[in-house]
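[1] sequence first, predicted model second:
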Amino acid sequence: MKELKAGVTAAKGFQAAGLRAGIKAGKDNKDMAILYSEVPAVCAGTFTKNIVKAAPVLWDQEVVTQSGKAQAVIINSGIANACTGTKGYANCRKEAEIISSLLGMPREQVLVCSTGVIGVQLDMTVIQSGIENLVQAKAATAESANDVAEAILTTDTHKKEYAVECEIDGKKVVVGGMCKGSGMIHPNMGTMLAFVTSDVAIEQPLLQSILKEEIADSFNMISVDGDTSTNDTCLILCNGMAGNATLTDESEGLTTFRAALREVLIYLAKQIAGDGEGCTRLFEVTCHGASSKEEAKIISKSVVCSSLTKAAVFGKDANWGRILCAMGYSGAQFDPEKVDIILESDKGTVAIVKDGIATDYSEEYATEVLSGNPVKAILDVHAGEATATAWGCDLTYEYVKINADYRS
């Protein structure tokens, strides 16, 4: 597998554009984007399990489940089009109709995504103008991919994109992706917004199944603040232009494609966790020796979500009691007198707990280890063979400052 310095336009047949449409007055950031496949692509998606779902989530769920094909995705930042009632859904339909008219595709093959402030209606005059300009600007360049990755951001501090190349049936296959997310991150499906493109040929039901499974070990294993968004969406479009034999459950190349997709999803997930609002470092927690994969996930996610542990990471305080406490209330079953805890970073490694009690470690050295980035907590509960990893970040003063005036 080869890493590419690219994003969503790396795969054959995909074009993109990002620009400023003027979604929110008084700003100067890019705020609208389009992804376009030269041919219809099979699509799959995972969506928020928050019962308060934004209008674009409802629209995209229908496209994925009823059509299973898409040729364009229109995205805006600044306004989430969430809690906007029937008018909000009608605006999604209008966006799809505009794209359909301009690019000559069924409106049922247009996906719509929004992110930003909840409870505000989109100005459709601004949206229509933005779409018209995006259609004219779309291109299959790395610069266009960069523009799209920038246009979808809200409180993020940087763009998040990644692509890899592999070989299937003697054909070069590319998987590229981008995402956004910094706050209101505690996915139960995917993440704030994530988009993956590939030129692989694959059956749609299989793609949906694979995406759901791979999301479970990537975006569903991150948390910044414990809040699951109303707009969480992860979409993947595969247009088949690589020319490989269509992947099925029996295909030898399926393992290769899954590995490529997994690498892209985990890379992007870690980018979100490491860019949590106000954070100073990525916090990675791996649980070894659990009785099952699910138990390992529960333990690692509990620690990475613990506000007290996150605050300790920020303060470079090796407060292992907070880690063990978070493990204990997770709901997983283990013997606390068999737990080992190790802290690790580019500054070194320190074993702080052995068999459930503190080792004779140096607090000064532990503080040095915790000053690295990322900080890793390696847990072993000695109850089985299962392992899982979760990603989060430290909790800082800046997080409160950012969220105290987000709407302004």
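    Right, received. Where do you want to start?

[2] and the helices in the stretch 101-250 of the chain?
    For the stretch 101-250 of the chain, the helices defined by DSSP state H, counting those that start in this stretch occupy 124-137, 142-151, 204-216.

[3] looking at the ones you listed, which is buried most?
    The densest packing among these, expressed as mean neighbour count by mean count of other C-beta atoms under 10 Å, is seen in helix 142-151 with a mean of 23. Quick note: C-beta positions are derived from backbone N, CA and C, even for glycine.

[4] and Lys316, how far from Asn373?
    Using C-beta to C-beta, to the nearest Å, one obtains 11 Å as the distance from Lys316 to Asn373.

[5] ok so, going back, mind putting the helices of the stretch 101-250 of the chain in a markdown table, distance to Ser302 included?
    Compiled in a markdown table, the helices of the stretch 101-250 of the chain are given as follows (distance: least, C-beta to C-beta, whole Å):
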| stretch | distance to Ser302 |
| --- | --- |
| helix 124-137 | 41 |
| helix 142-151 | 32 |
| helix 204-216 | 16 |
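
[6] nearest to Cys279, out of those?
    Cys279 lies closest to helix 142-151 among these, at 19.7 Å (C-beta to C-beta).

[7] re the thing from before, hey, what's in contact with both of Lys316 and Asn373?
    Shared contacts of Lys316 and Asn373 (C-beta atoms under 8 Å, 6 or more residues apart in numbering): none.

[8] where in the stretch 101-250 of the chain is pLDDT low?
    By pLDDT under 70, the weakly predicted segments of the stretch 101-250 of the chain are 183-185, 187-192, 227.

[9] now stretch 345-356: buried residues?
    Of the residues in stretch 345-356, those buried under the neighbour-count criterion (16 or more other C-beta atoms under 10 Å) are Ser345, Lys347, Val350, Ala351, Ile352, Val353, Lys354.

[10] do stretch 163-176 as well
    Of all the residues in stretch 163-176, those buried under the rule 16+ other C-beta under 10 Å are Ala163, Val164, Glu165, Cys166, Ile168, Asp169, Lys171, Val173, Val174, Val175, Gly176.

[11] so what touches that stretch?
    Residues outside stretch 163-176 that contact it (C-beta under 8 Å, 6+ apart) are 1-12, 14, 145, 161-162, 177, 196-200, 242-245, 247, 253, 256-257, 259-261, 263-264.

[12] and it, how far apart are its ends?
    Taking C-alpha to C-alpha, to the nearest Å as the measure, stretch 163-176 stretches 4 Å from start to finish.

[13] for the record, mean pLDDT for the strand ranked longest in the chain?
    Counting by DSSP state E, the longest strand found in the chain is strand 32-47. The average pLDDT for strand 32-47 rounds to 97.

[14] which strands or helices does that strand pack on?
    Contacting strand 32-47 under the criterion 3 or more C-beta pairs under 8 Å, 6 or more residues apart in numbering; DSSP states H and E are the following elements: strand 14-19, helix 55-62, strand 69-79, helix 124-137, helix 142-151, strand 193-198, helix 204-216, strand 233-238.

[15] make CSV out of the ones you listed and add distance to Gly384.
    CSV is the format used below for the helices and strands packed on strand 32-47 (distance: least, C-beta to C-beta, whole Å):
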stretch, distance to Gly384
strand 14-19, 43
helix 55-62, 36
strand 69-79, 41
helix 124-137, 51
helix 142-151, 40
strand 193-198, 31
helix 204-216, 19
strand 233-238, 30
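
[16] mind checking which of those is nearest Glu97?
    helix 124-137 (10.0 Å).

[17] let's see the closest one as CSV, backbone CA atoms only.
    Backbone C-alpha positions of helix 124-137 (Å, rounded to 0.1, in the frame of the first residue of the first chain) are rendered in CSV as follows:
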residue,chain,number,x,y,z
MET,A,124,-31.4,29.4,-0.6
THR,A,125,-30.4,32.4,-2.7
VAL,A,126,-26.9,32.1,-1.4
ILE,A,127,-27.0,28.4,-1.7
GLN,A,128,-28.1,28.4,-5.3
SER,A,129,-25.5,30.9,-6.3
GLY,A,130,-22.8,28.9,-4.5
ILE,A,131,-23.8,25.7,-6.2
GLU,A,132,-23.7,27.4,-9.6
ASN,A,133,-20.2,28.7,-9.0
LEU,A,134,-19.1,25.3,-7.6
VAL,A,135,-20.3,23.5,-10.7
GLN,A,136,-18.2,25.8,-12.9
ALA,A,137,-15.1,25.6,-10.7
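
[18] where in the stretch 251-400 of the chain is pLDDT low?
    Using pLDDT under 70, nothing in the stretch 251-400 of the chain is flagged.

[19] which residues in it form helices?
    Counting by DSSP H, counting those that start in this stretch, residue ranges of the helices within the stretch 251-400 of the chain are 254-273, 293-305, 307-314, 320-328, 363-369, 397-404.

[20] got the buried residues for the first one?
    Okay, so that is helix 254-273. Buried positions in helix 254-273, judged by neighbour count with 16+ other C-beta under 10 Å: 254, 256-257, 260-273.

[21] can you state the direction angle for that helix and helix 204-216?
    40 degrees (axes from the mean of the first three to the mean of the last three C-alpha atoms, to 10 degrees).

[22] kindly report the same for the last one.
    Here helix 397-404 runs at 130 degrees with respect to helix 204-216, directions being taken by the same axes, to 10 degrees.

[23] on that earlier part again, for the buried residues of stretch 345-356, name the two members farthest from one another.
    Taking C-beta to C-beta as the measure, these reach their widest spread between Lys347 and Lys354, a distance of 20.8 Å.

[24] the longest strand of the chain to helix 124-137, inter-axis angle?
    Calculated by the same axes, to 10 degrees, strand 32-47 forms an angle of 100 degrees with helix 124-137.
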